[in-house]
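Undergrad: Fold the following, please.
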Amino acid sequence: MRPLALALLPLALAACGESGLRGGGTGAAPVVQAARPDCPAAVALADAADLRRYRAPDSQDLTDLIVNARITGLAGRCAFADRRRSVEVTLTLAMEAMRGPAARERSISIPYFVAVTDAQDRILDKAVYTVVAEFPANRSRLRLSGEEVTLTLPVSAERPASAYTVIVGFQLTEAELALNRRLAAR
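TA: Down below sits the predicted model:
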């Protein structure tokens, strides 16, 4: 079993700029970028960077596919707040979604999470969000953005902002996570 921390695709948050993932839900090798010392790293969890939702949890038949989505980018920034006693991290998740043949509706909810971990990879906080993919009658693929999420992280000399990691990914079922791990092992 591989530790969660080894399955991360890093992305540094820059105080004045934005970057996109250069690896992601496509099985590409992780690309490590150095984080600024005053900003936490932001990463897409490799095991949760793809979502394949089927009508039946045990099916992998294309005719049972409801939605296939993948994380394509993560943009963010950070800045000190409260007289340098905290850091505000703002990020937005970008994704692509494909409506499958088993989708009955043109509107599909796609759940994703944003979590914060400490230097020991313990989850300090996690929230689940939903982006709704509205597929027009003539389109089966969309590019989407999640809502802008702002986190306020306490900092001190003993716990700088770089001691935190912000992790994003799709909120998967156990079967969906197992499928992603099987496909990644191939």
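Undergrad: Run through this protein and note the low-pLDDT ranges.
TA: Low-confidence segments of the chain (pLDDT under 70): 1-37.
Undergrad: mind listing what residue 95 touches?
TA: 69-72, 110, 112, 131, 143-146 (Cβ atoms under 8 Å, 6 or more residues apart in numbering). Placement of C-beta: from N, CA and C, glycine included.
Undergrad: what about residue 107, how many residues close to it?
TA: By the criterion of other Cβ atoms under 10 Å, residue 107 has 10 neighbours.
Undergrad: ok, for it, nearest residue in space, not its chain neighbours?
TA: Closest residue to residue 107 apart from its sequence neighbours, by Cβ to Cβ, 6 or more residues apart in numbering: residue 134 at 5.3 Å.
Undergrad: Dump the contacts of residue 95 to a markdown table, plus secondary structure, distance to residue 161 and neighbour count.
TA: What follows is the contacts of residue 95, written out as a markdown table (DSSP: H, G, I helix; E, B strand; the rest coil; distance: Cβ to Cβ, whole Å; neighbours: other Cβ atoms under 10 Å):
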| residue | secondary structure | distance to residue 161 | neighbour count |
| --- | --- | --- | --- |
| 69 | strand | 30 | 24 |
| 70 | strand | 28 | 17 |
| 71 | strand | 23 | 26 |
| 72 | strand | 26 | 19 |
| 110 | strand | 29 | 19 |
| 112 | strand | 23 | 24 |
| 131 | strand | 27 | 18 |
| 143 | strand | 30 | 11 |
| 144 | strand | 28 | 16 |
| 145 | strand | 24 | 13 |
| 146 | coil | 22 | 19 |
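Undergrad: Fine, thanks again, bye for now.
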